[in-house]
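A.B. asks: Only the shape, not the letters, is given here:
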Ligand code: URA
(Lines give C-alpha, C1' and ligand atoms only; values in the text may rest on other atoms or scores of the structure.)
Protein backbone atom coordinates (compact mmCIF):
# COMPACT_ATOMS: atom_id res chain seq x y z
CA UNK A 1 0.00 0.00 0.00
CA UNK A 2 1.53 3.31 -1.12
CA UNK A 3 -0.43 6.04 0.64
CA UNK A 4 -0.54 9.81 0.19
CA UNK A 5 2.68 11.80 0.49
CA UNK A 6 2.77 15.37 1.81
CA UNK A 7 0.79 17.53 4.21
CA UNK A 8 -2.71 16.07 4.56
CA UNK A 9 -4.24 19.56 4.67
CA UNK A 10 -2.46 20.84 1.52
CA UNK A 11 -4.54 23.15 -0.67
CA UNK A 12 -3.19 21.52 -3.82
CA UNK A 13 -3.63 17.78 -4.21
CA UNK A 14 -2.05 15.94 -7.13
CA UNK A 15 -3.62 12.63 -8.09
CA UNK A 16 -1.92 9.98 -10.21
CA UNK A 17 -2.97 6.49 -11.17
CA UNK A 18 -1.13 3.78 -9.26
CA UNK A 19 2.41 3.08 -8.03
CA UNK A 20 5.16 1.38 -10.03
CA UNK A 21 8.14 -0.61 -8.80
CA UNK A 22 10.13 2.40 -7.63
CA UNK A 23 7.20 3.66 -5.56
CA UNK A 24 6.83 0.21 -4.00
CA UNK A 25 10.57 0.13 -3.29
CA UNK A 26 10.55 3.57 -1.60
CA UNK A 27 7.06 3.43 -0.10
CA UNK A 28 6.13 6.83 -1.63
CA UNK A 29 4.11 7.85 -4.70
CA UNK A 30 5.81 9.49 -7.70
CA UNK A 31 9.49 8.82 -7.02
CA UNK A 32 10.35 7.25 -10.41
CA UNK A 33 10.67 8.89 -13.84
CA UNK A 34 7.13 10.32 -13.70
CA UNK A 35 7.81 11.70 -10.24
CA UNK A 36 11.00 13.42 -11.38
CA UNK A 37 9.12 15.09 -14.21
CA UNK A 38 6.37 16.11 -11.83
CA UNK A 39 8.89 17.62 -9.39
CA UNK A 40 10.47 19.58 -12.21
CA UNK A 41 7.10 20.91 -13.37
CA UNK A 42 6.16 21.89 -9.83
CA UNK A 43 9.44 23.72 -9.40
CA UNK A 44 8.95 25.63 -12.61
CA UNK A 45 5.50 26.65 -11.36
CA UNK A 46 7.10 28.00 -8.17
CA UNK A 47 5.84 25.13 -6.03
CA UNK A 48 7.70 22.70 -3.85
CA UNK A 49 6.85 19.06 -3.63
CA UNK A 50 6.87 19.20 0.16
CA UNK A 51 3.98 21.71 0.11
CA UNK A 52 1.60 19.62 -1.98
CA UNK A 53 -0.19 16.36 -1.28
CA UNK A 54 0.58 13.68 -3.85
CA UNK A 55 -1.48 10.52 -4.06
CA UNK A 56 -2.96 7.93 -6.43
CA UNK A 57 -6.34 6.52 -7.39
CA UNK A 58 -5.23 3.01 -6.45
CA UNK A 59 -2.61 2.37 -3.79
CA UNK A 60 -1.26 -0.95 -5.02
CA UNK A 61 0.86 -1.82 -8.05
CA UNK A 62 -1.12 -3.80 -10.65
CA UNK A 63 0.29 -6.95 -12.29
CA UNK A 64 2.40 -5.91 -15.28
CA UNK A 65 1.78 -2.23 -14.42
CA UNK A 66 -1.48 -2.67 -16.31
CA UNK A 67 -4.42 -0.70 -14.89
CA UNK A 68 -6.92 -3.22 -16.26
CA UNK A 69 -5.28 -6.01 -14.24
CA UNK A 70 -6.06 -4.46 -10.86
CA UNK A 71 -8.21 -6.39 -8.44
CA UNK A 72 -11.47 -4.37 -8.70
CA UNK A 73 -11.65 -4.38 -4.90
CA UNK A 74 -8.34 -2.52 -4.70
CA UNK A 75 -9.64 0.07 -7.16
CA UNK A 76 -12.90 0.47 -5.22
CA UNK A 77 -10.96 0.89 -1.97
CA UNK A 78 -8.69 3.44 -3.63
CA UNK A 79 -11.63 5.46 -5.00
CA UNK A 80 -13.22 5.56 -1.55
CA UNK A 81 -10.01 6.49 0.29
CA UNK A 82 -9.20 9.18 -2.27
CA UNK A 83 -12.60 10.83 -2.08
CA UNK A 84 -12.53 10.74 1.73
CA UNK A 85 -9.10 12.32 1.66
CA UNK A 86 -10.17 15.09 -0.69
CA UNK A 87 -13.03 16.29 1.50
CA UNK A 88 -11.15 15.95 4.78
CA UNK A 89 -9.68 19.47 4.53
CA UNK A 90 -10.58 22.53 2.46
CA UNK A 91 -8.82 22.21 -0.89
CA UNK A 92 -8.34 24.77 -3.60
CA UNK A 93 -7.20 22.63 -6.47
CA UNK A 94 -7.07 18.94 -7.29
CA UNK A 95 -4.72 18.39 -10.22
CA UNK A 96 -5.47 15.07 -11.89
CA UNK A 97 -2.81 13.32 -13.94
CA UNK A 98 -4.44 11.13 -16.59
CA UNK A 99 -7.89 9.73 -17.20
CA UNK A 100 -8.27 7.47 -14.18
CA UNK A 101 -7.52 10.32 -11.77
CA UNK A 102 -10.00 12.63 -13.49
CA UNK A 103 -12.69 9.98 -13.34
CA UNK A 104 -11.98 9.04 -9.72
CA UNK A 105 -12.13 12.62 -8.46
CA UNK A 106 -15.37 13.52 -10.18
CA UNK A 107 -17.37 10.30 -10.40
CA UNK A 108 -18.95 10.80 -6.99
CA UNK A 109 -20.67 13.82 -8.43
CA UNK A 110 -23.75 12.65 -10.38
CA UNK A 111 -23.94 15.88 -12.34
CA UNK A 112 -20.47 15.34 -13.69
CA UNK A 113 -20.57 11.62 -14.21
CA UNK A 114 -21.84 11.51 -17.77
CA UNK A 115 -19.55 14.20 -19.13
CA UNK A 116 -16.46 12.94 -17.37
CA UNK A 117 -17.16 9.45 -18.60
CA UNK A 118 -17.29 10.90 -22.09
CA UNK A 119 -13.89 12.53 -21.59
CA UNK A 120 -12.36 9.35 -20.24
CA UNK A 121 -13.83 7.31 -23.05
CA UNK A 122 -12.62 9.81 -25.62
CA UNK A 123 -9.20 9.95 -24.06
CA UNK A 124 -8.89 6.22 -24.43
CA UNK A 125 -9.82 6.62 -28.07
CA UNK A 126 -7.97 9.75 -29.01
CA UNK A 127 -6.41 11.88 -26.28
CA UNK A 128 -9.07 14.32 -25.17
CA UNK A 129 -7.27 15.01 -21.89
CA UNK A 130 -4.65 16.87 -23.88
CA UNK A 131 -7.41 19.20 -25.03
CA UNK A 132 -9.00 19.79 -21.64
CA UNK A 133 -5.85 19.98 -19.57
CA UNK A 134 -5.49 23.16 -17.61
CA UNK A 135 -9.18 23.97 -17.49
CA UNK A 136 -10.65 24.12 -14.01
CA UNK A 137 -13.71 21.88 -14.10
CA UNK A 138 -15.22 23.63 -11.12
CA UNK A 139 -15.28 26.82 -13.11
CA UNK A 140 -17.86 25.06 -15.23
CA UNK A 141 -19.64 23.14 -12.47
CA UNK A 142 -19.32 25.78 -9.81
CA UNK A 143 -21.87 24.22 -7.50
CA UNK A 144 -20.97 20.62 -7.98
CA UNK A 145 -17.51 20.26 -6.47
CA UNK A 146 -16.02 21.83 -3.35
CA UNK A 147 -12.70 22.38 -5.15
CA UNK A 148 -11.43 22.98 -8.65
CA UNK A 149 -10.49 19.81 -10.50
CA UNK A 150 -7.83 20.60 -13.09
CA UNK A 151 -7.14 17.75 -15.52
CA UNK A 152 -3.67 17.25 -16.90
CA UNK A 153 -1.97 14.53 -18.88
CA UNK A 154 0.01 11.92 -16.95
CA UNK A 155 3.79 12.48 -16.89
CA UNK A 156 4.25 8.94 -18.24
CA UNK A 157 2.31 10.01 -21.34
CA UNK A 158 4.74 12.89 -21.85
CA UNK A 159 7.75 10.63 -21.41
CA UNK A 160 6.34 7.90 -23.65
CA UNK A 161 5.57 10.33 -26.44
CA UNK A 162 8.75 12.40 -26.15
CA UNK A 163 6.69 15.54 -25.64
CA UNK A 164 8.27 18.78 -24.44
CA UNK A 165 6.89 18.72 -20.90
CA UNK A 166 6.73 22.47 -20.54
CA UNK A 167 4.01 22.43 -23.16
CA UNK A 168 1.98 19.93 -21.19
CA UNK A 169 2.51 20.10 -17.46
CA UNK A 170 3.73 23.58 -16.76
CA UNK A 171 0.91 25.37 -15.10
CA UNK A 172 0.52 27.91 -12.40
CA UNK A 173 -2.22 28.97 -10.11
CA UNK A 174 -3.32 32.56 -10.10
CA UNK A 175 -5.74 34.81 -8.34
CA UNK A 176 -6.86 32.66 -5.39
CA UNK A 177 -8.70 34.93 -2.97
CA UNK A 178 -11.93 35.35 -1.04
CA UNK A 179 -12.91 31.71 -1.32
CA UNK A 180 -12.43 31.78 -5.08
CA UNK A 181 -10.22 29.00 -6.34
CA UNK A 182 -8.39 31.24 -8.76
CA UNK A 183 -7.46 29.61 -12.01
CA UNK A 184 -4.69 27.63 -13.53
CA UNK A 185 -3.06 28.74 -16.69
CA UNK A 186 -1.07 26.45 -18.88
CA UNK A 187 1.86 27.87 -20.75
CA UNK A 188 3.64 26.66 -23.80
CA UNK A 189 2.74 25.25 -27.16
CA UNK A 190 0.39 22.42 -27.85
CA UNK A 191 -3.35 21.83 -27.86
CA UNK A 192 -5.13 24.34 -25.67
CA UNK A 193 -2.04 26.49 -25.17
CA UNK A 194 -0.21 29.09 -27.20
CA UNK A 195 3.49 29.80 -26.71
CA UNK A 196 4.03 32.34 -23.97
CA UNK A 197 0.36 33.09 -23.48
CA UNK A 198 -2.25 31.63 -21.13
CA UNK A 199 -4.35 28.82 -22.49
CA UNK A 200 -7.76 29.60 -23.92
CA UNK A 201 -10.49 29.50 -21.32
CA UNK A 202 -14.17 28.77 -21.49
CA UNK A 203 -13.90 25.17 -22.54
CA UNK A 204 -17.29 23.53 -22.69
CA UNK A 205 -17.96 20.04 -21.51
CA UNK A 206 -19.63 17.94 -24.21
CA UNK A 207 -23.40 17.86 -24.22
CA UNK A 208 -24.01 20.80 -21.85
CA UNK A 209 -25.16 24.33 -22.42
CA UNK A 210 -23.51 27.09 -20.38
N1 LIG B 1 2.56 6.93 -11.75
C2 LIG B 1 1.48 7.16 -10.99
O3 LIG B 1 0.39 7.38 -11.48
N4 LIG B 1 1.64 7.15 -9.67
C5 LIG B 1 2.80 6.93 -9.06
O6 LIG B 1 2.86 6.96 -7.85
C7 LIG B 1 3.91 6.70 -9.90
C8 LIG B 1 3.78 6.70 -11.23
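C.D. replies: Ah, there it is. Keep in mind that this is a model prediction, so the values were computed, not measured. Residues are numbered from 1 along each chain as shown.

A.B. asks: residues touching whatever residue of the chain ends up closest to the ligand, list them.
C.D. replies: Nearest residue of the chain to the ligand, counting by CB to the nearest ligand atom: residue 16, 2.8 Å away. Where you see a C-beta, it was placed from the backbone N, CA and C, and this is true even at glycine. Residue 16 makes contacts with 29, 30, 34, 54, 55, 56, 57, 97, 98, 101, 154, as judged by CB atoms under 8 Å, 6 or more residues apart in numbering.

A.B. asks: Just list whatever residues bridge to it.
C.D. replies: Per DSSP bridges, the residues bridged to residue 16 are residue 56.

A.B. asks: follow-up on the earlier one: from the contacts of residue 16, list the ones also adjacent to the ligand.
C.D. replies: 29, 30, 34, 56 (CB under 6 Å from any ligand atom).

A.B. asks: isn't the last one right next to residue 20, touching?
C.D. replies: Spelled out, that is residue 56. No: using CB atoms under 8 Å, residue 56 is not in contact with residue 20; the gap is 10.3 Å.

A.B. asks: So for those two, which sits in the more crowded spot?
C.D. replies: Ranked by neighbour count (other CB atoms under 10 Å), residue 56 and residue 20 place residue 56 first, with 27 against 21.

A.B. asks: got the contact list for that one?
C.D. replies: Contacts for residue 56 (CB under 8 Å, 6+ apart) come out as 2, 15, 16, 17, 18, 19, 29, 78, 82, 101.

A.B. asks: Can you lay out the contacts of residue 16 as TSV showing distance to residue 73, secondary structure and pLDDT?
C.D. replies: TSV is the format used below for the contacts of residue 16 (distance: CB to CB, whole Å; DSSP: H, G, I helix; E, B strand; the rest coil; pLDDT from 0 to 100):
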residue	distance to residue 73	secondary structure	pLDDT
29	20	coil	98
30	24	coil	98
34	25	helix	95
54	23	strand	98
55	19	strand	98
56	16	strand	97
57	14	coil	95
97	23	strand	92
98	21	coil	87
101	19	helix	90
154	23	coil	89
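
A.B. asks: Filter those down to the buried ones and hand me the PyMOL line.
C.D. replies: Those of the contacts of residue 16 that count as buried under 16 or more other CB atoms under 10 Å are selected in PyMOL with:
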select buried, resi 29+30+34+54+55+56+57+97+98+101+154
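
A.B. asks: Spell out which parts of the protein neighbour the ligand.
C.D. replies: Residues of the chain lying near the ligand (CB under 6 Å from any ligand atom): 16, 17, 18, 19, 20, 23, 29, 30, 32, 34, 56.

A.B. asks: if I look at the residue of the chain closest to the ligand, how far off is residue 104?
C.D. replies: Distance, residue 16 to residue 104, using CB to CB, to the nearest Å: 10 Å.

A.B. asks: Repeat that for residue 23.
C.D. replies: Taking CB to CB, one finds residue 23 at 17 Å from residue 104.

A.B. asks: now do residue 24
C.D. replies: Separation of residue 24 from residue 104 (CB to CB): 20 Å.

A.B. asks: Many thanks, we can stop here.
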